[in-house]
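> output the structure for:
(chains A and B)
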Amino acid sequence: MITGLHLLAAGGVHDLLAAGGVRDLLTSGSVHAGWNPWSDMRQMLAYHFMVNALRAGSITAVAAGLIGWFMILRGQSFAGHTLAVVGFPGAAAAIWAGLAATWGYFGACTAAAILIGSTGYRRPGGEAAGESALIGTVQAFALACGLLFVALYKGFLNSLTGLLFGSFLGVTDSQVLALLAMAGIIVVVLGVIGRPLLFASVDPDVARARGVPAQFVSAAFLVLLGVATAEVSQITGSLLVFALLVMPAATAHRITPRPVLGLALSVAVALLVVWIGLGLAFYSVYPVGFYITTTGLVCYLGSAAARRAATRRRAATRRRASRPDPSGLSS
Amino acid sequence: MSTIPAVEVREASVVVGAEPIWSDLSFDIGPGEFAAVLGPNGAGKSTLLKAILGLLPLAAGTLRVLGSSPAEARPRIGYLPQRRHFQADLRVRGIDIVGLGLDGDRWGLPLPRLIRPSAQRQRTAVIDEMIDLVGATAFARRPIGELSGGEQQRLLIAQALVRRPQMLMLDEPLDSLDLPNQAAVAALIADVSHQTAITVVMVAHDVNPILTYLDRVIYLAGGAGLAGPPSEVITAETLTRLYGTPIEVLHSARGPVVVVGQPDLTGVHGDQHGGHHHP
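Here you go, the predicted structure:
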């Protein structure tokens, strides 16, 4: 039997209770954007749930921006997606067991990362057909298990949407602290292993010859990727983690080939995407996952277009340089 | 210049698994020499390089590198592994790849150069000098994935040189380059070797692009090896004995020696026209 205390402790229930009240607030028409962004922002920050959502989102954006940049560099998006999908049954099981979803995400994602890392995950490109079949099988089974746990929990199927596509409602103070602690671990560990990780990522043979423990660094990164995926899942849901893990990092990679600048840019874009996404979600009735993903897409497409324009301009300059007199034909 | 040989091999044998790769190998490479390790595929050329780097133990014999054991000498050796491609979409600059060769193996944040501008300037100067030495200044700031094979190879040589090693070990650096780039990179390596008095040991499957620059040749074939100056080793008689197949050595009018062998004898003749590839 589930006691009342259990229900209170369950993160999912907490989310939903808060969400019910907040959804009423958001749809009652008492919250609407005016023409003054300053007063709009103050109106938004008057609600504690919104302050917590911004805190959680900002913390997550920093972690996702950093880890995402390395994930793109290493071509490990597939691993990132697998970890995210495994987080879903973890979170659903945690809610079913009367724990906060946070612990389910961190537990499942980190455990899966350690498992993949210890079996000697090879980088994509070297990925064998059997391996990708195995990962596909695990992904499908993980989603099915998550569905089972949500069904076992009975009722509250609303939380299914939140777990898969994200929710910014009902982030508790302790959840913010947990996110902050995990992001802190990511930043510190990345600070320590950052250079050898970069070396091993772009040039593994020479890095090994120079004494970089490439296998250890890769496994450590995979665990960090698991932690980051767990963080992002709590904002965007399991299926939209790439909105924060891929889009800002890919944007940064398109804009600059400088590592330090790229990392900073990746974090900046992730923060921007989260803030705009949360702001839009606050002033409308549509889900935050959609707004965050769409903002990320706009950034990515913008950078891709700018990159293409720059390449074309450079090619044109080169053509002009190699063909000194183009006027003969046109005049 | 010291008289201790850069590499001193005495009756050395290497066994990988249960298979003997080569045995009873003895040779010296003098300091500042440009030496090539030649031979057909599977003769154990890369194995010899790994043994000199101390990555592979000898089954018998002794091996001294730069006056000490191979493992102790490794930090003083610049190593360029067998040809590796950077993916076309890798957006990291060539100059960063060279920089990683300088301090990419260090843990933690690069605090000294974040705090002191002089440390940062000093690092930049070293990297720029090496990039200039290999003639890569014009393209070092572009993403390495966008560069041609020859341009990438120049930057990788700069990466191997950036810690100012006493010896440079290159594993098939000309492989999969086109002919003009083979000639240019071979000339560059010879130039670096003479300018900096660095000992260069280079594995090659085709001797022709480097033949004019070589001071010493180590020929591996059929589990045995032969070493000496090119004029002694690259002769029809020696090579025919080593391979057990007739091989001709022609002297062209312009001076350089051209080696011609049987068409199925990979490694000795000029097979680069066919775009020969190695695993």
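
> what's around B:Arg141, how many residues?
14 (other Cβ atoms under 10 Å in any protein chain shown). Glycine gets a C-beta too; all of them are placed from N, C-alpha and C.

> what's near enough to touch it?
B:Arg93, B:Gly94, B:Ile95 (Cβ atoms under 8 Å, 6 or more residues apart in numbering or on different chains).

> for those residues, which one is nearest chain A?
B:Arg93 (4.8 Å; Cβ to the nearest Cβ).

> surely the closest one meets B:Gly145?
No. B:Arg93 is not in contact with B:Gly145 according to Cβ atoms under 8 Å; the separation is 10.1 Å.

> still on that earlier bit, what about the contacts of B:Arg141, which are in strands?
Among these, DSSP state E puts none in strands.

> which of the residues you listed are close to chain A?
Subset of the contacts of B:Arg141 in contact with chain A: B:Arg93, counting by Cβ under 8 Å from any Cβ of the partner chain.

> export the contacts of B:Arg141 to JSON lines and tack on neighbour count, distance to B:Val65 and pLDDT?
Output for those, formatted as JSON lines (neighbours: other Cβ atoms under 10 Å in any protein chain shown; distance: Cβ to Cβ, whole Å; pLDDT from 0 to 100):
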{"residue": "B:Arg93", "neighbour count": "20", "distance to B:Val65": "33", "pLDDT": "94"}
{"residue": "B:Gly94", "neighbour count": "27", "distance to B:Val65": "29", "pLDDT": "93"}
{"residue": "B:Ile95", "neighbour count": "24", "distance to B:Val65": "30", "pLDDT": "95"}
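
> find the nearest non-adjacent residue to the residue in the stretch 51-200 of chain B that chain A sits nearest to, please.
Here the stretch 51-200 of chain B gets closest to chain A at one residue, B:Gly104, 3.4 Å apart by Cβ to the nearest Cβ. In space, and not counting its chain neighbours, B:Gly104 is closest to A:Phe199: 3.4 Å by Cβ to Cβ, 6 or more residues apart in numbering or on different chains.

> what is the burial count for that neighbour?
With other Cβ under 10 Å as criterion, A:Phe199 counts 25.

> got the contact list for it?
A:Val206, A:Ala207, A:Arg210, A:Val212, B:Leu100, B:Gly104, B:Asp105.

> name the element it belongs to?
helix A:173-202 (DSSP states H and E).

> picking up where we left off before, from what I can see the residue of the stretch 51-200 of chain B closest to chain A touches A:Arg195, true?
Yes. Shown here, B:Gly104 and A:Arg195 form a contact pair, counting by Cβ under 8 Å, at 5.5 Å.

> where does B:Ala35 land in three-state SS?
strand (DSSP: H, G, I helix; E, B strand; the rest coil).

> ok, it - contacts?
B:Val7, B:Ile29, B:Thr199, B:Val200, B:Val201, B:Met202, B:Leu214, B:Asp215, B:Arg216, B:Val217, B:Ile218.

> just confirm the fifth one is within a strand.
Yes. In this structure, B:Val201 lies within a strand as judged by three-state DSSP.

> so it makes contact with B:Asp171?
No. At 9.5 Å, B:Val201 does not count as touching B:Asp171 under the criterion of Cβ under 8 Å.

> before we move on, what SS does B:Val15 have?
strand.

> and the pLDDT at it?
Per-residue confidence (pLDDT) for B:Val15: 90.

> what's the answer for the one 3 residues further on, then?
At B:Ala18 the predicted local confidence, pLDDT, stands at 84.

> for the helix or strand containing A:Leu147, what is the distance to the chain centroid?
If you go by DSSP H and E, A:Leu147 is part of helix A:129-153. Taking Cα atoms, centre = their mean, to the nearest Å, one finds helix A:129-153 lying 20 Å from the centre of the chain it belongs to.
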